[in-house]
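Peer 1: My questions are about this predicted structure, shown below with the sequence.
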Amino acid sequence: LLGYVLDAEWGRQGGSAVNHSNARIEIGSNIAAGRMQLEWWDPNTGERLQIIEIQHPGGPLALQPPTFSQHIAFKLTRAESG
């Protein structure tokens, strides 16, 4: 799953944007259990900011990005068994 989060005000008008430190991204309410890898990316530089391993128990899944302004991107994949 690839995702992109945009500060709506910045996206409409440009200029400065506020820091978002409590953003929450709802992925779904019935996500299968299992290991996942979550990567956060800076869309301006193409730099990977963070990699997180998730052991999801199943059910609702919400992601909390690191603090960002303007926008942030993510990649969520199932981790290989092994």
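Peer 2: Noted; the coordinates are in hand. These numbers were taken from a predicted model, which means no experiment stands behind them. Residues are numbered from 1 along each chain as shown.

Peer 1: Can you find the helix or strand of the protein with the lowest average pLDDT?
Peer 2: None of the helices or strands of the chain scores lower by mean pLDDT, DSSP states H and E than helix 8-13, at a mean of 86.

Peer 1: Contacts for that helix next, please.
Peer 2: Counting by C-beta atoms under 8 Å, 6 or more residues apart in numbering, helix 8-13 makes contact with 16-18, 69-71, all of which sit outside it. For the C-beta atoms, the positions are set from N, CA and C on the backbone; glycine is no exception.

Peer 1: Return that helix as PDB; C-alpha atoms alone will do.
Peer 2: As requested, C-alpha coordinates have been extracted for helix 8-13 and formatted as PDB (Å, rounded to 0.1, in the frame of the first residue of the first chain):
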ATOM      1  CA  ALA A   8      -4.800  20.600   2.900                       C
ATOM      2  CA  GLU A   9      -4.200  24.300   3.600                       C
ATOM      3  CA  TRP A  10      -0.700  24.100   2.300                       C
ATOM      4  CA  GLY A  11      -1.900  22.200  -0.800                       C
ATOM      5  CA  ARG A  12      -4.500  24.800  -1.600                       C
ATOM      6  CA  GLN A  13      -2.500  28.000  -1.000                       C
END
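
Peer 1: Report the next helix or strand after that helix in sequence order.
Peer 2: Counting by DSSP states H and E, the element after helix 8-13 in chain order, helix or strand, is strand 25-31.

Peer 1: Give the pairing partners of that next one; include direction for each.
Peer 2: Within its sheet, and counting by DSSP bridges, strand 25-31 is paired with strand 59-63 (antiparallel).

Peer 1: The partner strand - what's its average pLDDT?
Peer 2: Within the predicted structure, the mean pLDDT of strand 59-63 is 97.

Peer 1: Only the buried residues of that strand, if you could.
Peer 2: Buried residues in strand 59-63, counting neighbours by 16 or more other C-beta atoms under 10 Å, are found at 61, 63.

Peer 1: Go ahead and flag the most central residue of the chain.
Peer 2: F74 (4.3 Å; C-alpha atoms, centre = their mean).

Peer 1: re the thing from before, which members of the contacts of helix 8-13 define the maximum pairwise distance?
Peer 2: Taking C-beta to C-beta as the measure, the contacts of helix 8-13 span a maximum distance of 13.3 Å, between S16 and H71.
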